[in-house]
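Peer 1: got a predicted structure plus its sequence, pasted below:
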Protein chains: 2
Amino acid sequence: MTNTLTVRHLFGPGPSNPYPEATEALARPLIGHLDPQFLEIMDRACDGLRQVWGTSNRRTLPISATGSAGMEAAFVNFVNPGDVVVVAVNGLFGERMCDVAARCGAEVVRVDFPFGQPVDAQKVAEAHPNPAIIAAVHAETSTGARSDIAALGAIKGDALLLVDAVTSIGGIELKADEWGIDIGYAGTQKCLGVAPGLAPFTVSDRAWERRVENPRSWYLDLGMLGGYVGETSGSASRTYHHTAPVAMIASLDAGLQRILGEGLDAVRDRHYAAGQALQDGLEAMGLELFAAEGYRLPELTTVKVPEGVDSAAVRKELLEKYNLEIGAGVKEFASTVWRIGLMGPNAAPDSVALILGALKDVLGK
Amino acid sequence: MTNTLTVRHLFGPGPSNPYPEATEALARPLIGHLDPQFLEIMDRACDGLRQVWGTSNRRTLPISATGSAGMEAAFVNFVNPGDVVVVAVNGLFGERMCDVAARCGAEVVRVDFPFGQPVDAQKVAEAHPNPAIIAAVHAETSTGARSDIAALGAIKGDALLLVDAVTSIGGIELKADEWGIDIGYAGTQKCLGVAPGLAPFTVSDRAWERRVENPRSWYLDLGMLGGYVGETSGSASRTYHHTAPVAMIASLDAGLQRILGEGLDAVRDRHYAAGQALQDGLEAMGLELFAAEGYRLPELTTVKVPEGVDSAAVRKELLEKYNLEIGAGVKEFASTVWRIGLMGPNAAPDSVALILGALKDVLGK
């Protein structure tokens, strides 16, 4: 165990380096989970989450676990055994949705698309005449591809639209209400620029009315959680469910205030600009991007490992020489694709220059 | 929203004030969840957890959510639908176990004891001839009573013994292996002196062999989590499950090192001494303790609200005048009992003097 601290440049698929405001908040004196001061922080964090989700949903809250628990909460609270759930799969997280939905007793109808491509709303619509839920990933962390959620909202019919926004929230355009998202979950450790540990969550009134009364999960039971985050305002109405992770929520609040202070449009522009500069730079180096043109995430770039190059050796050298982390690809692309994230504070010209310079050096370009 | 920071004395049932080492670690530069440096921290944290649990269980790890998720993991991974689960209930957390077990499909056999009293192993043994699981709470956070877990281990027979150690771990004596605990969960925000957000967990080999193959929860699936925390040592064997809450785990590691550096026996003596001094002081003030004599937790004292005193008004004055938080009682004791925690760094003479002095003032004693 080393005693010196290392500063890593977290340019992988997440966690990203947090905003300094978020880190500072983690180390503030701890307060109680029912302290009036904490309830103020929680309320402000929920308001901030509404803004980054693009929603006026009353039920918008941070779930007390990481993004993957958000996925579980999304299914366990809305799937009754035997419900048909159509899942659009174009990457690892779509696949995971199938597993999670099946454990909730869903009849899963899986619609596959090639990794790196967006999902096609028309094919999703044709998969089943009357699903209870249609589920898709907005920004596939495993492939770097963005899908058109508004198009899914347009074809959802009576179904609830369930969306993974883990890698889009706080980075690229996200308009939950306008696009028709009924159930959304995300993570804190990507573009929101906060350490991992919470799952921002939002539920439309339409979905709320159809929720499972007594879900299989006690911890993720939204009916019980709702009492704690305040169906109505004021501390008098708060009921204890579980001890909230107060330090993490203070950090989320600080990160959200940082983003809202800069302005959502400015933050998005910064992510778009950094991603474009990185992708241009990689192509100028002769590298080939992986995700389909027109659907590439600026905050998470996937690029093919050049023929004959050892993916793991490059990642190791970047980490050891430059303290710079990038991610491997997933599944059959584990050794043939790299994933480079520029999220939160890392969506900036210095990070672009650093990763391009370091990669040029290590690849001998 | 105030801009000045308040230092609260967290003398309620938790969260407690963290050890300064744990707070400092939260704000260290973030590293990736697959970084070799992080895996070292995770391994060291798991080793530290083995020591505070009193176990050599290979499967000892922090679950990525609060203590209540630990409870859920304990049941969802070991209860098959129809399994008989005997739950000893002497407080709120025993009651919660019944709810959680039922959601996992258990046939729950509930054995009730008065709030404030320990559970009686003989009555638990007589409740069912052949249960799959016997479950109990070591230190009932809702009542301040300690139960004899070794006595339950002695009568468990073929059943698995499942124990809530949320409010005992890192404070009072806990000997998972010696007492026969097969499945144990805890929290970080009590005597371990770390912010809330993780659930220390341990599983015996005997329990592991009987785990549910494909549990209803994906997030809490120990079979999948096992691959991440390292069934075998070395980073090569780690497989990605979910993004670990790296900051929280670094903080847990730092808190554990703080405790182990002081020495487990010394830490326990400090908790016993502080609790005894507090309880003596309260009785000297003419107040009556709630939990049964001989079974009182030193780290969490329950005391009856004097006749004619407004419980909430006292708590409010303590918070506003002294920045001092104590807890209300639960359920029918909500306004007739206070809960005073002296946990982690607060198990010390200065905290005892402060709470006794403040309470004397507010009560006009």
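Peer 2: Thanks, I have the structure now.
Peer 1: ok, and does the host helix or strand of residue A:109 reach over to chain B?
Peer 2: Element membership for residue A:109, per DSSP states H and E: strand A:107-112. No. Judged by CB under 8 Å from any CB of the partner chain, strand A:107-112 makes no contact with chain B; its nearest approach is 13.1 Å. Every C-beta, even on glycine, is put in place using the N, C-alpha and C of the backbone.
Peer 1: repeat that for stretch A:155-173.
Peer 2: No. For a cut-off given as CB under 8 Å from any CB, stretch A:155-173 has no contacts with chain B; the smallest distance is 9.2 Å.
Peer 1: only the buried residues of that stretch, if you could.
Peer 2: Neighbour-count burial for stretch A:155-173 flags A:156, A:159-173 (criterion: 16 or more other CB atoms under 10 Å in any protein chain shown).
Peer 1: hmm, back to that, off-centre distance for the strand holding residue A:109?
Peer 2: In terms of CA atoms, centre = their mean, to the nearest Å, the centre of strand A:107-112 is found 22 Å from the chain centre.
Peer 1: okay, the longest helix belonging to chain A in CSV with CA atoms only?
Peer 2: What stands out as the longest helix in chain A, according to DSSP state H, is helix A:264-284. Taking C-alpha atoms only, helix A:264-284 is exported to CSV below (Å, rounded to 0.1, in the frame of the first residue of the first chain):
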residue,chain,number,x,y,z
LEU,A,264,-26.9,23.5,-18.7
ASP,A,265,-26.4,24.7,-22.3
ALA,A,266,-22.8,25.8,-21.6
VAL,A,267,-22.1,22.4,-20.0
ARG,A,268,-23.5,20.6,-23.0
ASP,A,269,-21.6,22.7,-25.4
ARG,A,270,-18.4,22.0,-23.5
HIS,A,271,-19.1,18.2,-23.8
TYR,A,272,-19.9,18.4,-27.5
ALA,A,273,-16.8,20.6,-28.2
ALA,A,274,-14.4,18.3,-26.3
GLY,A,275,-15.8,15.2,-27.8
GLN,A,276,-15.6,16.6,-31.3
ALA,A,277,-12.0,17.8,-30.8
LEU,A,278,-11.0,14.4,-29.5
GLN,A,279,-12.7,12.5,-32.3
ASP,A,280,-11.1,14.8,-34.9
GLY,A,281,-7.8,14.4,-33.3
LEU,A,282,-8.0,10.6,-33.3
GLU,A,283,-9.0,10.5,-36.9
ALA,A,284,-6.1,12.9,-37.7
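Peer 1: now tell me what touches that helix from outside.
Peer 2: Helix A:264-284 is contacted by residues A:51-52, A:170-173, A:191, A:259, A:262, A:289, A:296-299, A:301, A:303, A:340, A:342-343, A:346-349, A:351-352, A:355-356, A:359 when judged by CB atoms under 8 Å, 6 or more residues apart in numbering or on different chains.
Peer 1: then stretch A:19-32?
Peer 2: Under the contact criterion CB under 8 Å, 6+ apart, stretch A:19-32 has outside partners A:37-38, A:193-195, A:246-248, A:250-255, A:257-259, A:344-345, B:5-8, B:10, B:12, B:15, B:17-18, B:23-24, B:26-27, B:30, B:195, B:247, B:325.
Peer 1: for chain A, which segments count as helices?
Peer 2: A:20-26, A:36-53, A:67-76, A:92-103, A:121-126, A:149-155, A:176-179, A:205-208, A:222-229, A:246-262, A:264-284, A:311-322, A:349-363.
Peer 1: so how far is the last one off the chain centroid?
Peer 2: Here helix A:349-363 is found 25 Å from its chain centre; the criterion is CA atoms, centre = their mean.
Peer 1: buried stuff in it?
Peer 2: Of the residues in helix A:349-363, those buried (16+ other CB under 10 Å) are A:351-352, A:354-356, A:358-359, A:362.
Peer 1: ditto for the first one
Peer 2: Counting neighbours by 16+ other CB under 10 Å, one finds that the buried residues in helix A:20-26 are A:21-23, A:25-26.
Peer 1: so for it, what's the average pLDDT?
Peer 2: With pLDDT averaged residue by residue, helix A:20-26 scores 97.
Peer 1: so what's residue A:107 up against?
Peer 2: By CB under 8 Å, 6+ apart, the neighbours of residue A:107 are A:82-85.
Peer 1: what do you get if the cut-off is 7 Å, keeping everything else the same?
Peer 2: Taking CB atoms under 7 Å, 6 or more residues apart in numbering or on different chains, we find residue A:107 in contact with A:82-84.
Peer 1: ok, now residue A:224?
Peer 2: Shown in contact with residue A:224 (CB under 7 Å, 6+ apart): residue A:241.
Peer 1: from residue B:124, how far out is it?
Peer 2: Separation of residue A:224 from residue B:124 (CB to CB, to the nearest Å): 28 Å.
Peer 1: same thing with residue A:141?
Peer 2: Between residue A:141 and residue B:124 the computed distance is 47 Å (CB to CB).
Peer 1: ok, these two, which is more surrounded?
Peer 2: Shown here are residue A:141 and residue B:124; by other CB atoms under 10 Å in any protein chain shown, residue A:141 has more neighbours (28 against 25).
Peer 1: that one touches residue A:302, doesn't it?
Peer 2: No. Using CB atoms under 7 Å, residue A:141 makes no contact with residue A:302, being 9.9 Å away.
Peer 1: circling back: and the buried residues of stretch A:155-173, which of them are in strands?
Peer 2: The strands, defined by DSSP state E, take in A:160-164 from these.
Peer 1: just want the most central residue of chain A.
Peer 2: The residue lying closest to the centre of chain A (CA atoms, centre = their mean) is residue A:166, at 0.8 Å.
Peer 1: mind saving the C-alpha coords of stretch A:357-365 as PDB?
Peer 2: Below are the C-alpha coordinates for stretch A:357-365, written out as PDB (Å, rounded to 0.1, in the frame of the first residue of the first chain):
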ATOM      1  CA  GLY A 357      -0.500  13.800 -26.800                       C
ATOM      2  CA  ALA A 358      -0.100  10.700 -24.500                       C
ATOM      3  CA  LEU A 359      -1.700   8.400 -27.100                       C
ATOM      4  CA  LYS A 360       0.500   9.700 -29.900                       C
ATOM      5  CA  ASP A 361       3.600   9.000 -27.700                       C
ATOM      6  CA  VAL A 362       2.500   5.600 -26.600                       C
ATOM      7  CA  LEU A 363       1.500   4.500 -30.100                       C
ATOM      8  CA  GLY A 364       4.700   6.000 -31.600                       C
ATOM      9  CA  LYS A 365       2.600   8.200 -34.000                       C
END
